[in-house]
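J.: Sequence first, predicted model second:
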Amino acid sequence: MAAVLLVEVRDTSACDRITSDRINVNVRPADSFCQFERCRFERRQIERWQFGRHSNGRRAGLESRRASGSWYRFAPLMLRAILFDFNGVLIDDEPIHFELLRRVLGEEGIEVSEDEYYRDYVGFDDEAGLRFAFESAGRPLEPMTLRRLCVRKAAYYQDALRERPYPFFPGAIELIREAAMAGLPLGIVSGALRSEIEPALRQEGIDEAFKVVVAAEDVDRSKPDPEGYLIGLSQLNARPPLPERLLHPHEVLAIEDTAAGLAAARAAGLATLAVAHTLTAEQLALADHVVATLEGISSDSLIQRYQEVSRR
């Protein structure tokens, strides 16, 4: 059984004597992604562990360093991994998903407009989107019917992309390759099916760049629930090659294109970057930082943006 690293501070009254390289780490079976949530750290706790001895445990000394910015010289926050959304961040296929969802729902006598799709459905996986459509229409949806509709939409998607390559956004493949070469662990947390994600990655020869892929069938609750990101964090720490030390949520960047995805990442404790491929920058205000495109974005620029956000 896989293992996940869990951190426990046994004596919180002694935080001023604990440094990051002396945190007590236990290894326990990863029988639930919920266990990973126990090791989420608030920045204030990290500050106390890292800088308590420099201020002799006095709050005034710590606050002085925080105000001046000098405390970052003692232990700067580091970007150590990236988790990407898939549809709308790496793959430009939201228009395809809209057409196919409208086709499947139309066959069931339910209409959905393009405005409704981008307002209400973006960020849902297929199951959540279909449930929402039936609920909005005031119609019951049996589990077997839901499964049948999901299979039908997945088949339509495969047919749509059989005769053409997966449409990656400009800059997406370059960023993935450059970040992997820089040694950053990468993952995907998506509401797409694994059968939709993995062929796209193989098409561009970037499947080996990803340590983790969390797909729709790996979670019980879709975004904005943080379950997918919590699983992704757990797997980043549990799967070989293991990190030299535990990856904490605040050291991982989520790249998203929807408000639901940003809410999920923030609930898991991650830093967030939004790409305005699908929605406007104003609709993505929940993000720590917003860019118009991935084109021209490098791992160095992501690290710089991460450090700027961390200083706020």
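T.: Yep, it's here.

J.: could you pull out the helices for the stretch 151-300 of the chain?
T.: Along the stretch 151-300 of the chain, counting by DSSP state H, counting those that start in this stretch, helices occupy 172-181, 194-203, 227-238, 259-267, 299-310.

J.: just checking, what packs against the second one?
T.: The helices and strands touching helix 194-203, judged by 3 or more CB pairs under 8 Å, 6 or more residues apart in numbering; DSSP states H and E, are helix 143-162, strand 210-214. Heads up, the C-betas are built off the backbone N, CA and C, glycines and all.

J.: For residue 265, which residues are in contact?
T.: Listed by CB atoms under 8 Å, 6 or more residues apart in numbering, the contact set of residue 265 reads 83, 226, 229, 254, 256, 272.

J.: What sits closest to it if chain neighbours are left out?
T.: residue 254 (3.5 Å; CB to CB, 6 or more residues apart in numbering).

J.: just for the stretch 1-150 of the chain, where's the confidence low?
T.: Flagging of the stretch 1-150 of the chain using pLDDT under 70 yields the residue ranges 1-76.

J.: go with 90
T.: Scanning the stretch 1-150 of the chain for pLDDT under 90 picks out 1-78, 122-124.

J.: One more: the stretch 201-312 of the chain?
T.: Looking at the stretch 201-312 of the chain by pLDDT under 90, you get 303-312.

J.: Buried ones in stretch 293-309, by neighbour count?
T.: 294, 297, 299, 302-303, 305-306, 309 (16 or more other CB atoms under 10 Å).

J.: okay, now the closest residue to residue 165 other than its chain neighbours: neighbour count?
T.: Computed as CB to CB, 6+ apart, the closest residue to residue 165 that is not its neighbour in sequence is residue 203, at 6.1 Å. Number of residues near residue 203 (other CB atoms under 10 Å) recorded here: 14.

J.: thinking again about what came up before, bridging residues for the residue nearest to residue 265?
T.: With DSSP bridges as the criterion, residue 254 is bridged to residue 83, residue 272.

J.: Next, the contact list for it, please.
T.: Residues near residue 254 by CB under 8 Å, 6+ apart: 82-85, 189, 229, 261-262, 265, 268, 270-273.

J.: re the thing from before, so which of the helices of the stretch 151-300 of the chain gets nearest residue 157?
T.: With respect to residue 157, and counting by CB to CB, the nearest of the helices of the stretch 151-300 of the chain is helix 194-203 at 6.1 Å.

J.: what distance separates that closest one from the middle of the whole chain?
T.: 18 Å (CA atoms, centre = their mean, to the nearest Å).

J.: can you list the residues that contact that helix?
T.: Residues outside helix 194-203 that contact it (CB under 8 Å, 6+ apart) are 86, 90-91, 154, 157-158, 165-166, 168, 188, 190, 207, 209-210, 213, 215-218.

J.: Restrict those to the buried ones and give me that as a PyMOL selection.
T.: Buried subset of the contacts of helix 194-203, written as a PyMOL selection, criterion 16+ other CB under 10 Å:
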select buried, resi 86+90+91+154+157+166+168+188+190+209+210+213+215+216+218
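
J.: which non-adjacent residue is nearest residue 94?
T.: The shortest distance from residue 94 to any residue other than its chain neighbours is 5.1 Å, reached at residue 88 (CB to CB, 6+ apart).

J.: Check whether that neighbour really touches residue 258, as I assumed.
T.: Yes: contact criterion CB atoms under 8 Å: residue 88 and residue 258 qualify, at 6.6 Å.

J.: Find the residues that touch each one of those two.
T.: With CB under 8 Å, 6+ apart as the test, residue 88 and residue 258 both reach 122, 278.

J.: Residue 160 touches residue 97, doesn't it?
T.: No: contact criterion CB under 8 Å: residue 160 and residue 97 do not qualify, at 9.5 Å.

J.: These two: who's more crowded?
T.: More neighbours surround residue 97 than the other of residue 160 and residue 97, with 25 against 14 (other CB under 10 Å).

J.: What residues does residue 124 make contact with?
T.: 132, 191, 222-223, 260.
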